[in-house]
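Enquirer: here is a sequence with its predicted model. Questions after.
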Amino acid sequence: MAEDRKKLVEVQNLTVRFGSRLHPFTAVDKVSFHIYRGETFGLVGESGSGKTTIGRAIIRIHPTAGGKILFDGKQINGRISKALDREVTRRIQMIFQDPMSSLNERAKVDYIVSEGLYAAGHHLSEEERRAKVAKALSDVGLLPEFASRFPHEFSGGQRQRIGIARALIMEPDFIIADEPISALDVSIRAQVLNLLSKLQKERNLTYLFVAHDLSVVRFICDRIAVIHKGKIVELAESEELFAHPLHPYTRALLSAIPQPDPIAERQKKLIVYDPGCHHYSETNQPAWTEIVPGHFVLASEEELEEYKKQF
Amino acid sequence: MEEKNVILSIKDLNVKFTLRGQVLHAIRGVSLDVHQGESLAIVGESGSGKSVFVKCTMGLLDANGFIDSGSILYNGMDLTKFKTDKDWLKIRGREIAMVFQDPMTSLNPLKTIGKQIQEAVELHQGLKGKAAYDAVLEVLADVGIDDPQRRYKQYPHEFSGGMRQRVVIAIAVACRPKILICDEPTTALDVTIQAQILELIKAMQKKYNLTTIYITHDLGVVANVADRIAVMYAGDIVELGTCDEVFYDPRHPYTWALLSSLPQLGTKDEPLYSIQGTPPNLFHEVKGDAFAPRNPKALKIDFVERPPFFEVTPTHYARTWLLDPRAPKVEPPEHVRILREKGVNRVG
């Protein structure tokens, strides 16, 4: 089934470096993956693993040091034409983690939501713009009257909806959601997750969902990539990943998911990932291998033999 | 069941805040006994009053908040009678210590980690000089920080989030408190680190014979650590029971809703259960069951009269009219039933 799906985003050997020329720090190290149109792709890892950096590199916030990012078949990293830049800015939108700090406290919701329209140079009449804002707000389950209010008048969940409305008003194809629910209460999380999947169905959106909590990712994502220290260590369909986690880091992440089940929790064994457990040498380097169709893992030849026994 | 020593006893506590001339009733007549050596989890949404509730026990209420009535008994002292900071210093840190939510902001960025812990050690254990220094190294090693001599001299920015939270825990236990309050100790942390920090708090509890009170909004987190769970909603405890009772046999519709909205229990491609509406405005008098307006299956009486605490078992109480013998039988939602079956199967 994978062959007939169209790839919307392709990331090939992406490298992102920070720091000065003398002290470079490689945050993302030769990462490759692709995202099909209409799917939700999860990127999971601990803080500092580079998951957010990948999202930001795709939306052109961070310059790339190497590799290619293709969006709808066209390269969008590095130098691109102004027209393409415009198109990409409109078609890729982002939802941020903390709704408390990602909205301009001094602007009214009306301005926050329509800022993208101004920036993109859509010369809309005032009426058209208002109608668009009202539509975007009601699409995310807020009242159009809220446009005249300030962000501090809203609860965390409502603020996150404003953040989603701000992304939707540009009519994007691809949304990067950077930990969109980690700062929210459990009961609000469910509302926002439901809203995101409803919008996806209605508009055939594609999501890149960046998170550290595998339980949430499992619920919403079609495929999951696990990233550790700037390298993707495992990639599979979400149920497959949960059924056959291969890489020790994936297993550590899975073991840490809190379960709402006291008896299971008491029997739980926490796995702590030790990067030293691999025994990689110069002749025994890990390679990115497809172990069964659709399930990739970063492993050396010896480890592959071990992993294969699990199927 | 054996008799347990009550270490902290809260009776009919009412806390109010004055805001722009209006009065907000944040805690509405809560009674709770905390037992010696247990770990109690207080679970609720933001704004449910869970943080305000524990802040009362440490005298940390904001200036516009006051305890309207009720008592907090600790060691024969009524903490509600404390007025000055001098009174509170006998309790704060020494008897009851607190671990705050965000380790990024609860440490002083201008002082080394060692100095910050030493401050607590000198103040509360009365140690000085070399003895204090050694005590700091010991407590650093206790919380799982390697190479304490080097770490002593480092500043908070040189620590990762999880490590910083370990330092905050070190400061809290360095005071040798009886009660440790953890206010959302892991919400700012990654899942893997979260599990490690919870393990650490459990180890500290064992080692120093602490009573711990967890405050969290995430029911998933507390299954691992809590002996008893109190579910708070709109300034009131709506359900109280042992961990197993609350997870496998919840009775209050709000607890059902909280459990059903966990993504861990969700089925893919089906919308997650989400609680409709918003919590009640506590500036106004809450009539009847505070959760009734958001509960699609609420009974008529829920809007009229506040339900009393019904006893399910001697350790399990819930404030819902559903437990009244006259109430119609309402089945809990599907997710809760699945969870219950799991529990029954495993218990045998």
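Expert: Arrived safely, thanks for sending.
Enquirer: what sits against residue B:239?
Expert: Contacts for residue B:239 (C-beta atoms under 8 Å, 6 or more residues apart in numbering or on different chains) come out as B:229-231, B:246, B:250-252, B:254-255, B:317-320. The C-beta positions use only the backbone N, C-alpha and C, and glycine is treated the same way.
Enquirer: could I get these as a markdown table with secondary structure?
Expert: A markdown table is the format used below for these (DSSP: H, G, I helix; E, B strand; the rest coil):
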| residue | secondary structure |
| --- | --- |
| B:229 | strand |
| B:230 | strand |
| B:231 | strand |
| B:246 | helix |
| B:250 | coil |
| B:251 | coil |
| B:252 | coil |
| B:254 | helix |
| B:255 | helix |
| B:317 | strand |
| B:318 | strand |
| B:319 | coil |
| B:320 | coil |
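Enquirer: close to chain B: what parts of the stretch 51-200 of chain A are there?
Expert: Residues of the stretch 51-200 of chain A lying near chain B by C-beta under 8 Å from any C-beta of the partner chain: A:155-156, A:185-191, A:193-194, A:197-198.
Enquirer: taking those residues together, which two end up most distant?
Expert: For those, the farthest-apart pair by C-beta to C-beta is A:155 and A:197; their separation is 21.1 Å.
Enquirer: of those two, which one has the most company?
Expert: It is residue A:197, of residue A:155 and residue A:197, that has more neighbours when counted by other C-beta atoms under 10 Å in any protein chain shown, with 20 against 17.
Enquirer: ok now do the more buried one, which residues does it touch?
Expert: A:220, B:271.
Enquirer: hang on, it in a helix?
Expert: Yes: with three-state DSSP as the criterion, residue A:197 is assigned to a helix.
Enquirer: what about it, distance to residue A:218?
Expert: Using C-beta to C-beta, to the nearest Å, residue A:197 is found at 13 Å from residue A:218.
Enquirer: what ranges do the helices span in the stretch 151-300 of chain B?
Expert: Using DSSP state H, counting those that start in this stretch, the helices of the stretch 151-300 of chain B run over B:161-174, B:191-208, B:219-225, B:243-248, B:253-260.
Enquirer: residue A:93 and residue A:175 touch, don't they?
Expert: Yes: contact criterion C-beta atoms under 8 Å: residue A:93 and residue A:175 qualify, at 5.2 Å.
Enquirer: shared neighbours, these two?
Expert: The contact lists of residue A:93 and residue A:175 share residue A:167, where a contact means C-beta under 8 Å, 6+ apart.
Enquirer: neighbour count: these two, which is higher?
Expert: residue A:175 (26 against 22).
Enquirer: isn't the more buried one up against residue A:204?
Expert: No: assessed by C-beta under 8 Å, residue A:175 is found out of contact with residue A:204, at 11.7 Å.
Enquirer: count the residues that sit near residue 112.
Expert: Using chain A. By other C-beta under 10 Å, 22 other residues sit near residue A:112.
Enquirer: the chain in question should be chain B.
Expert: Counted with other C-beta under 10 Å, residues neighbouring residue B:112 total 16.
Enquirer: can you check residue A:194 too?
Expert: Residue A:194: 19 neighbours (other C-beta under 10 Å).
Enquirer: in which helix or strand does it reside?
Expert: helix A:186-203 (DSSP states H and E).
Enquirer: show the average pLDDT along that helix.
Expert: Helix A:186-203 carries an average pLDDT of 88.
Enquirer: only alpha carbons, please: show it as CSV.
Expert: Once non-C-alpha atoms are left out, helix A:186-203 reads as follows in CSV (Å, rounded to 0.1, in the frame of the first residue of the first chain):
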residue,chain,number,x,y,z
VAL,A,186,-5.2,15.9,30.4
SER,A,187,-8.8,16.8,29.7
ILE,A,188,-7.9,19.6,27.3
ARG,A,189,-5.4,17.3,25.5
ALA,A,190,-8.2,15.1,24.4
GLN,A,191,-10.1,18.0,22.9
VAL,A,192,-7.1,19.3,21.0
LEU,A,193,-6.1,15.9,19.7
ASN,A,194,-9.7,15.4,18.5
LEU,A,195,-9.7,18.7,16.9
LEU,A,196,-6.4,18.0,15.1
SER,A,197,-7.7,14.7,13.7
LYS,A,198,-11.0,16.2,12.7
LEU,A,199,-9.3,18.9,10.8
GLN,A,200,-7.1,16.4,9.1
LYS,A,201,-10.0,14.4,7.9
GLU,A,202,-11.9,17.5,6.6
ARG,A,203,-9.0,19.1,4.8
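Enquirer: which residue, other than its chain neighbours, is closest to the closest residue to chain B within the stretch 1-150 of chain A?
Expert: Closest residue of the stretch 1-150 of chain A to chain B, C-beta to the nearest C-beta: residue A:46 (4.6 Å). Distance criterion C-beta to C-beta, 6 or more residues apart in numbering or on different chains; nearest residue to residue A:46, sequence neighbours excluded, is residue B:190 at 4.6 Å.
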